[in-house]
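# Quick one: sequence and predicted model below, then my questions.
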Amino acid sequence: MSRYIAAVDQGTTSSRCLIFDVTTGGLVAGAQQEFTQHFPKPGWVEHDAVEIIDSVTAVMRKALAEASLTVADIAALGITNQRETTVLWDRRTGEPVHRAIVWQDTRTEPLVTRLAADGGQDRFRDRCGLPLATYFSGPKARWILDNVPGLRQRAEAGEICFGTVDSWLIYRLTGEHLTDVTNASRTMLMNLRTLQWDPELCEAVGVPMEMLPEIRPSSQVYGTATGEFAGLTVAGALGDQHAALFGQGCYDVGDAKNTYGTGSFLLLNTGTEPVDSNAGLLTTVAYQLDGQPVNYALEGSIAITGALVQWLRDNLGIISDAAEIEELAGGVDDNGGCYFVPAFSGLYAPHWRSDARGIIAGLTRYVNKGHLARAVLEATAWQTREVAEAMETDSGVRLTGLKVDGGMTANDLLMQIQADVLGIPVIRPKIAETTALGAAYAAGLAVGVWSDVDELRRLWEEDRRWAPSRSRDDDYTQWLKAVEKSKGWLD
């Protein structure tokens, strides 16, 4: 058996390939490549799906070369991906019929509003675990079908494939039209209890079932790659946040993690029964191993966290590199009374208000760029607390610690702020690449490299822990006031 497992992490702004040693779980090699973001209209965000697959094959090639390995040295490949981003392609040629519509895109707001007119925002929640929102894939697919002439007829004839990015990559690598339960659970089209496409949901949203992929467990052999990577076993897929939960070793009820990337996503493992949310969270699939019951999760999705730091850099020019924000924010003792609500595309969990827009509240002549930088970091921590409180309300489980991962966890100041805001320890693992690691774990289990999750637990190691140093309850009250002022901006 090979000593190595590979994982593709296809994210919102870049694609990466990482190779792990199966004995230690350690990172052996990695490659990353950014790709183009398209913003054709306000609120619209698109990707070129061909550029995505090209970037994926490029980083796979580079990672293998860096490690001086060949396909024959890799036991299996796991895939993790930006989740709700939607691709439609020609089943025969494999070519996209429209640019991919990204999870952040809000063009489906009129459709979502029409769907909510009959039964409200929670019209489908009992079936799919999700509120009606522009975030999810089903309405995005419907938009493409409605706006490309003749496409709906072709889809109904079985000539068009629908998929999230995992499906797109699996199809281009192996020719199989598949998805896993975690990605399927983000479409608004899968029944959360049967784990199958729901005919009534598909009809209501307007997506022909003939174009949908087969739903499989997250850890299972899906097929063998052809072409440049011929012979490579593709053996696992999870949406990025589910992969991070899996890579963080959150296999027991009550285990929770938060990933800090473009947005932030807090997931709590709730076990083999779905927990319905009354507090604005998503009920979703956590993961499913081959031949085992599915595990569910509660999720709080925050649209803008790391993207706010990028905005401070790219739009305002206050910093020239994202890493500079820690020093700038650390130069002041507090936020100067300033609160930044980054509702650039509305508020996600627990509010789900697409009419909200970003605001900066509490500005005075005293506030300087250091205070603004600190308010940017604190916005991530405040939003995380809102989600954590909703999670405790729904589940009845009090979080005693939070495992964290993602690029923003390199910011020690933010991690301390987060511990203070939550009032619980914040714990960072030694291997920060938990999203790719989770995909690698799923692939390794599928081909027998690892025997069970107990073996995976032994591979997880803590790097650093931040304990709360002071209460931030009064500041949190001010944050909530600012959030209320951001709502209702759009008619």
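All right, it came through fine.

# Helix, strand or coil: sort out residue 112 for me.
Assigned by DSSP: H, G, I helix; E, B strand; the rest coil, the conformation of residue 112 is helix.

# okay, now it: neighbour count?
Residue 112 has 21 neighbouring residues, counting by other Cβ atoms under 10 Å. Using the backbone N, CA and C atoms, a C-beta is placed for each residue, glycine as well.

# Next, give phi and psi for the residue lying closest to residue 295 once chain neighbours are set aside.
The spatially closest residue to residue 295, leaving aside those adjacent along the chain, is residue 286, at 4.2 Å (Cβ to Cβ, 6 or more residues apart in numbering). With angles defined as degrees, to the nearest 10, residue 286 sits at phi -80, psi -50.

# surely residue 286 meets residue 182?
Yes - using Cβ atoms under 8 Å as the test, residue 286 is close enough to residue 182 to be in contact (7.3 Å).

# quick one: common contacting residues for the two?
Counting by Cβ atoms under 8 Å, 6 or more residues apart in numbering, the residues touching both residue 286 and residue 182 are residue 242.

# before we move on, the earlier item: show me what contacts the residue nearest to residue 295?
With contact taken as Cβ under 8 Å, 6+ apart, residue 286 is in contact with 182, 242, 245-246, 250, 267, 269-270, 294-297.

# 7 Å instead, please
Residue 286 is in contact with 242, 245, 267, 269, 295-297, counting by Cβ atoms under 7 Å, 6 or more residues apart in numbering.

# okay, the residues you listed in CSV with neighbour count next?
Formatted as CSV, the entries for these read as follows, by neighbours: other Cβ atoms under 10 Å:
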residue, neighbour count
242, 34
245, 34
267, 28
269, 23
295, 25
296, 25
297, 31
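
# Which of those residues fall in helices?
Secondary structure assignment (DSSP state H) places 242, 245 from those within helices.

# Reformat the contacts of residue 286 as a markdown table; add distance to residue 66 and pLDDT.
As requested, the contacts of residue 286 are arranged in a markdown table below (distance: Cβ to Cβ, whole Å; pLDDT from 0 to 100):
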| residue | distance to residue 66 | pLDDT |
| --- | --- | --- |
| 242 | 27 | 95 |
| 245 | 28 | 94 |
| 267 | 31 | 93 |
| 269 | 34 | 92 |
| 295 | 34 | 95 |
| 296 | 37 | 95 |
| 297 | 34 | 94 |
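
# Can you check what pLDDT the model gives residue 426?
Turning to residue 426, the model gives it a pLDDT of 96.

# Tell me which helix or strand comes right after the longest helix seen in the chain.
Residue-count comparison of every helix in the chain, with assignments taken from DSSP H, identifies helix 369-395 as the longest. Once the chain leaves helix 369-395, the next helix or strand it forms, by DSSP states H and E, is strand 402-405.

# Kindly list the main-chain dihedrals of residue 207?
The phi/psi pair for residue 207 (degrees, to the nearest 10) reads phi -120, psi 120.

# How about the contacts made by it?
By Cβ under 7 Å, 6+ apart, the contact set of residue 207 is 138, 141-142, 162, 189.

# Give the single residue among those positioned nearest to residue 346.
Proximity of the contacts of residue 207 to residue 346 was ranked by Cβ to Cβ; the top entry is residue 138 with 18.0 Å.

# Return the subset of the contacts of residue 207 lying in helices.
138, 141-142.

# Neighbour-wise, which one of those residues leads?
Neighbour tally across these (other Cβ under 10 Å): the maximum, 31 neighbours, falls on residue 141.

# where does the residue sitting furthest away from the middle of the chain sit relative to residue 338, distance-wise?
Note on the chain: the largest separation between a C-alpha and the mean C-alpha position, by Cα atoms, centre = their mean, falls on residue 365 (38.2 Å). According to Cβ to Cβ, to the nearest Å, residue 365 and residue 338 sit 12 Å apart.

# Mind jotting down where the helices sit in the stretch 351-491 of the chain?
Remark: helices assigned in the stretch 351-491 of the chain by DSSP state H, counting those that start in this stretch are 369-395, 412-422, 434-446, 453-457, 473-486.
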